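> Sequence plus the predicted model coming up.
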Amino acid sequence: MLTTFKNPLLTLGIALSSGLTSIAISAPAYSATFVDLNTFNSIGDVNSNKTVINSGSSNTVLTGGGGDSLENFLGINAVDFQNTISDNQYGSAITNTFNINTGDMFSFEWQFIQDNQYPDRAFVTIANNIQLLTGNSGTYSYTFTSPGIYNIGIGVVDVADSSGTSTLAVSNVKIVAVPWETDALPVLSSTMLFGIGVWAKRKYAKNSKS
């Protein structure tokens, strides 16, 4: 039970020094926003609500740069794409633009099935950064180190030829947003308030003895 004194600062200070500052140091919760792939733009052979991206079919588009190329659609440099995936031929992709804050994380789960004698490749593009998805399945994640408007793409490309169909299935796409508060702010506030509480409690104890 907390006794109320005529001096409101004493009342507040004693309450703070009694442990109520634990509220101030609670860590803020991170929020995850699931991304609807239907909001993405697509090119080539993309289906199932834009969750399945194929290479090797007649609906894929050429690589190599130019107005109708896969690179132009994704907003990436054709030379960089060729250096990352050599001898790429045809492909399909989806892309969308997001307003990102520092510390935000983009992630999704994926499965890649190849039907080709050559190693077709699945990839992610963030701005002009091209990253390969290696293996048959996994969880991709990327944490942004600076804020801005980012173009994010996911795609599949044929390597060496255009025969056989390789398929990339994508699910659980989300952006985990970092809260605007930092841990330092509530801790600093808690320390200052606790100091006031200790001072007020001592002052009250001194006045009670007088």
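Sure thing, it's come through.
> so where do the strands sit in this structure?
31-34, 41-43, 45-47, 52-55, 61-62, 88-100, 105-113, 121-126, 129-133, 137-143, 148-159, 166-177 (DSSP state E).
> Partner strands of the fifth one, with direction?
Strand 61-62 has its sheet partners listed here by DSSP bridges as strand 88-100 (antiparallel).
> can you give me the angle the partner strand makes with strand 148-159?
Interaxial angle, strand 88-100 versus strand 148-159 (axes from the mean of the first three to the mean of the last three C-alpha atoms, to 10 degrees): 160 degrees.
> Mind exporting the C-alpha coordinates of strand 88-100 to CSV?
In CSV, the C-alpha atoms belonging to strand 88-100 read as follows (Å, rounded to 0.1, in the frame of the first residue of the first chain):
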residue,chain,number,x,y,z
ASN,A,88,22.2,-17.2,-67.9
GLN,A,89,19.6,-17.4,-70.7
TYR,A,90,15.9,-17.0,-69.8
GLY,A,91,14.1,-16.4,-66.6
SER,A,92,11.1,-15.3,-64.6
ALA,A,93,10.7,-13.1,-61.5
ILE,A,94,8.5,-11.0,-59.2
THR,A,95,9.4,-7.7,-57.7
ASN,A,96,7.9,-5.0,-55.4
THR,A,97,9.1,-1.8,-53.7
PHE,A,98,9.1,-1.2,-50.0
ASN,A,99,9.8,1.7,-47.6
ILE,A,100,12.4,0.3,-45.3
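> Show me which residues of that strand are buried.
Neighbour-count burial for strand 88-100 flags 88, 89, 90, 91, 92, 93, 94, 95, 96, 98, 100 (criterion: 16 or more other C-beta atoms under 10 Å). (Each C-beta comes from the backbone N, C-alpha and C, glycine too.)
> related to what we said a few turns ago, with respect to burial, which of the strands of the chain scores highest?
Comparing the strands of the chain by mean neighbour count (mean count of other C-beta atoms under 10 Å), strand 52-55 comes out on top with a mean of 25.
> Could you list every helix and strand that that one packs against?
Here strand 52-55 touches strand 45-47, strand 88-100, strand 148-159, strand 166-177, going by 3 or more C-beta pairs under 8 Å, 6 or more residues apart in numbering; DSSP states H and E.
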